[in-house]
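Visitor: Dropping the sequence and predicted coords here.
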Amino acid sequence: MSALRSHIAASVAQSELAVALAELRASLELPAEFPAEVLAEAEAATSASPPPERDRRDLEFLTIDPVGSMDLDQALHLARREGGYTVHYAIADVPGFVTPDRAVDLEARERGQTLYAADGRIPLHPPVLSEDRVSLLPGVDRSAYVWALDLDEAGAVVGTRLERAIVRSRERLSYIEAQERIDAGAADGPLGLLKQIGLLRIEQERARGGASLNSPEAEIVRSDGGYALEWRSLLAVEDWNAQLSLMTGMAAAQLMVDARVGILRTMPAPDASRIAAFRTQTEALGRPWPESVSYGEYLRGLDRTDPACLAVMRAAGGLFRGAGYEAFDGTVPRDPMQSAIAAPYAHVTAPLRRLVDRWGLVVCEAVSAGREVPGWARQSLAALPSLMGASSQRASQLESASVARVEAAVLADRVGERFDATVLELRDDRAVVQLADPAVTATCPASDRTRSGERIAVVLASADIASGAVQFALAD
């Protein structure tokens with residue numbers, strides 16, 4: 001994680017920001033507190049399903065999440081086996097505690113996913129469930145959906161099983177703690193194999209032509225009673241951990257495709273014109289994409305500290321468009337691929353924070369056990385794409401508008417100052433620029449000589465906290 005952090009200095013700006021963020025919530029009609037009947041049902045819930053017959057408390061699961069997380073969806077256990085490895089991936093048993101078509105379920109369908117606002121999280125489920133009874137907290141018995149994925153020596157999946165079972169996580173680690181242990185050579189047990197398996201899975205991604213950007217982003221953090229912007233790059237352990245989630249999602253998709261029922265996360269491949277345009281941009285930026293190198297391999301080789309490469313990654317984001325959900329029952333979608341992953345893929349690893357995962361888990365567990373998919377899940381599959389689409393749109397609007405208002409607050413007392421910036425993209429007569437410090441992305445007028453990837457100097461003309469509008473001009 002980068003140490004570059006830009007604080008909001010003035011208390012006046014903090015006060016204006018608090019008002020702006022509250023008004024943003026109202027304008028987006030974000031969910032407020034849970035209704036009384038939802039809270040009452042959640043409090044009364046012990047388990048909506050019979051407890052699992054399987055007991056997997058022999059496996060020493062652990063969780064790895066951001067600092068302070070309480071809604072722990074996943075726990076992992078990694079082990080060697082003859083001819084390769086076995087990954088056990090336990091996923092919180094949300095279906096076991098949420099009764100279909102009752103108050104908690106209907107409220108979750110309205111929300112779609114946990115929303116992350118600058119002034120606080122808006123959870124998908126009441127905290128008594130998401131942060132307590134269903135969360136895979138350490139030292140307590142929990143019902144979970146346990147994936148068992150057998151890998152060969154190269155990290156390819158050669159066997160998939162899924163069952164509900166009782167598990168007990170032994171330890172909760174933050175990404176920072178996990179990375180420090182691995183770097184110090186002090187990681188043993190399941191954690192000791194995470195790097196090895198993670199790197200094998202990255203090689204598998206490379207072999208199938210998958211790609212991921214993992215570019216540094218401006219992130220809002222709560223700090224010193226207020227807010228700050230911070231440039232954040234993924235730790236290596238986050239990438240390795242994410243590979244386990246991607247692997248599980250691909251295994252889930254394969255189960256559903258084979259059974260011809262389920263819901264996939266899809267994204268069409270970019271057409272030839274978009275690929276050609278991107279290739280031209282890489283040449284203009286002085287970082288050409290060779291014809292002999294795959295798209296994913298090219299992105300993995302970019303230097304995240306090179307300003308020109310940051311501009312390339314922004315341009316590459318234009319190819320990752322059109323992601324959605326495809327529900328099916330009887331006929332597999334014509335194009336089941338998630339093109340960035342380069343495989344069919346499904347969301348099944350974050351049911352505490354994302355609605356669709358609950359259906360994916362229920363469908364996959366039934367398929368794995370050779371049983372019929374429960375009627376409630378089958379009948380409501382078709383409604384999920386629109387529910388998740390609306391929720392994703394709201395989450396995107398919230399994120400971009402929140403960042404804009406925090407950026408304006410960070411800059412509010414610096415009007416007239418000169419800043420160093422990198423040009424990320426040109427849009428007609430405007431340039432999208434990324435400031436070196438603070439972590440702000442904005443636009444300014446472009447001259448005939450302005451080029452993507454170059455470093456320029458800009459002057460802050462105005463910063464309006466209420467709207468998040470920030471105006472820059474080219475420095476003389």
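Guide: Structure received.

Visitor: Going by contacts, tell me the helices and strands next to the one helix or strand Glu110 maps to.
Guide: For Glu110, the host element (DSSP states H and E) is helix 103-111. Helix 103-111 sits against helix 36-44, with contacts defined as 3 or more CB pairs under 8 Å, 6 or more residues apart in numbering; DSSP states H and E. The C-beta positions use only the backbone N, C-alpha and C, and glycine is treated the same way.

Visitor: angle of the helix it packs on against helix 103-111?
Guide: 120 degrees (axes from the mean of the first three to the mean of the last three CA atoms, to 10 degrees).

Visitor: How far off centre is the helix or strand just after helix 36-44?
Guide: Per DSSP H and E, the first helix or strand lying C-terminal to helix 36-44 is strand 54-55. Averaging C-alpha positions (CA atoms, centre = their mean, to the nearest Å) puts strand 54-55 30 Å from its chain's average.

Visitor: For the helix or strand just after strand 54-55, enumerate the helices and strands it packs against.
Guide: For strand 54-55, the following helix or strand on the C-terminal side (DSSP H and E) is strand 61-65. In terms of contacts (3+ CB pairs under 8 Å, 6+ apart), strand 61-65 is packed against strand 74-81, strand 157-174, helix 175-183, helix 189-192.

Visitor: Work out the gap between strand 61-65 and the centre of the chain.
Guide: Taking the mean of its C-alpha atoms, strand 61-65 sits 17 Å from the chain's own mean (CA atoms, centre = their mean).

Visitor: Over to stretch 259-274?
Guide: Worked out by CA atoms, centre = their mean, stretch 259-274 lies 18 Å from the chain centre.

Visitor: Counting neighbours, show which residues of it come out buried.
Guide: For stretch 259-274, burial by neighbour count (16 or more other CB atoms under 10 Å) applies to Ala259, Val261, Gly262, Ile263, Leu264, Arg265, Thr266, Met267, Ala269, Pro270.

Visitor: what residues are up against the first one?
Guide: It stands for Ala259. If you count contacts by CB atoms under 8 Å, 6 or more residues apart in numbering, Ala259 has them with Val363, Val367, Val373.

Visitor: Surely the last one is in contact with Ala366?
Guide: Yes. Taking CB atoms under 8 Å as the definition, Val373 is a contact partner of Ala366 at 4.7 Å.

Visitor: Including pLDDT and distance to Val356, could the buried residues of stretch 259-274 go into TSV?
Guide: Formatted as TSV, these follow (pLDDT from 0 to 100; distance: CB to CB, whole Å):
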residue	pLDDT	distance to Val356
Ala259	98	17
Val261	98	14
Gly262	98	10
Ile263	98	6
Leu264	98	10
Arg265	98	8
Thr266	96	12
Met267	93	15
Ala269	88	22
Pro270	86	24
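
Visitor: Dump the C-alpha coordinates for stretch 260-270 into CSV.
Guide: Written as CSV, here are the backbone C-alpha positions of stretch 260-270 (Å, rounded to 0.1, in the frame of the first residue of the first chain):
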residue,chain,number,x,y,z
ARG,A,260,-27.7,-26.3,-18.0
VAL,A,261,-29.0,-24.2,-15.1
GLY,A,262,-27.6,-21.2,-13.2
ILE,A,263,-26.4,-17.7,-13.6
LEU,A,264,-23.1,-16.6,-15.1
ARG,A,265,-21.1,-13.3,-14.9
THR,A,266,-20.4,-12.6,-18.5
MET,A,267,-18.5,-10.0,-20.5
PRO,A,268,-18.2,-10.0,-24.3
ALA,A,269,-14.8,-10.0,-26.0
PRO,A,270,-13.8,-6.6,-27.4
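
Visitor: Now do the helix or strand that contains Trp240 and helix 175-183, the angle between them.
Guide: Assigned by DSSP H and E, Trp240 belongs to helix 236-259. Angle between the axes of helix 236-259 and helix 175-183 is 100 degrees (criterion: the same axes, to 10 degrees).
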